[in-house]
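Engineer: test case, fold it:
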Amino acid sequence: MGRTLDQVMQSLPDDRRQAIEARAQTLLEDIEGLRALRVLAARSQEQIADALGIKQPSVHKIERQADLYLSTLRRFVEAAGGTLELRVDLPGRGTIRLNGIGDIRISPPKKPPSDKGRPA
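Structural biologist: The predicted structure is shown next:
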């Protein structure tokens, strides 16, 4: 009969087990792609689609895109239960956090120019 992962981990020396757990934590902190983010957040494509008001195939497409709008990324992250923060590291300046990037803001419609002062 096979052993479980927990049994294997318990059989390892403490220093080896701690090294493995530290590496696993590093991998969790450095995930690759939106699919991994969704899986880490324990959300299905259907759940993300419902939160975004789109269909599941569109979520699949978003997850496979290498280049997307920040507003799409922000909405996806929020649908997964997270928040998006954009940081810029500048040499000699440190880390700067950019706010409002990727926010969808709807501007009020522009008023048409008035007819005052125009000849009839």
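Engineer: strands along the protein, start to end?
Structural biologist: 86-90, 94-98 (DSSP state E).
Engineer: just put these in CSV and tack on distance to residue 61, mean neighbour count and mean pLDDT.
Structural biologist: Bear in mind the C-beta positions are built from the backbone N, C-alpha and C, glycine included. Formatted as CSV, those follow (distance: least, C-beta to C-beta, whole Å; neighbours: other C-beta atoms under 10 Å; pLDDT from 0 to 100):
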stretch, distance to residue 61, mean neighbour count, mean pLDDT
strand 86-90, 23, 10, 89
strand 94-98, 26, 9, 88
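Engineer: out of the ones you listed, which comes closest to residue 6?
Structural biologist: strand 86-90 (36.4 Å; C-beta to C-beta).
Engineer: list the strands paired with that closest one, with their directions.
Structural biologist: strand 94-98 (antiparallel) (DSSP bridges).
Engineer: contacts for the partner strand?
Structural biologist: For strand 94-98, contacts defined as C-beta atoms under 8 Å, 6 or more residues apart in numbering pick out 85-90.
Engineer: next, format those residues as JSON lines and append distance to residue 44.
Structural biologist: Converted to JSON lines, the contacts of strand 94-98 look like this (distance: C-beta to C-beta, whole Å):
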{"residue": "85", "distance to residue 44": "25"}
{"residue": "86", "distance to residue 44": "27"}
{"residue": "87", "distance to residue 44": "29"}
{"residue": "88", "distance to residue 44": "33"}
{"residue": "89", "distance to residue 44": "34"}
{"residue": "90", "distance to residue 44": "39"}
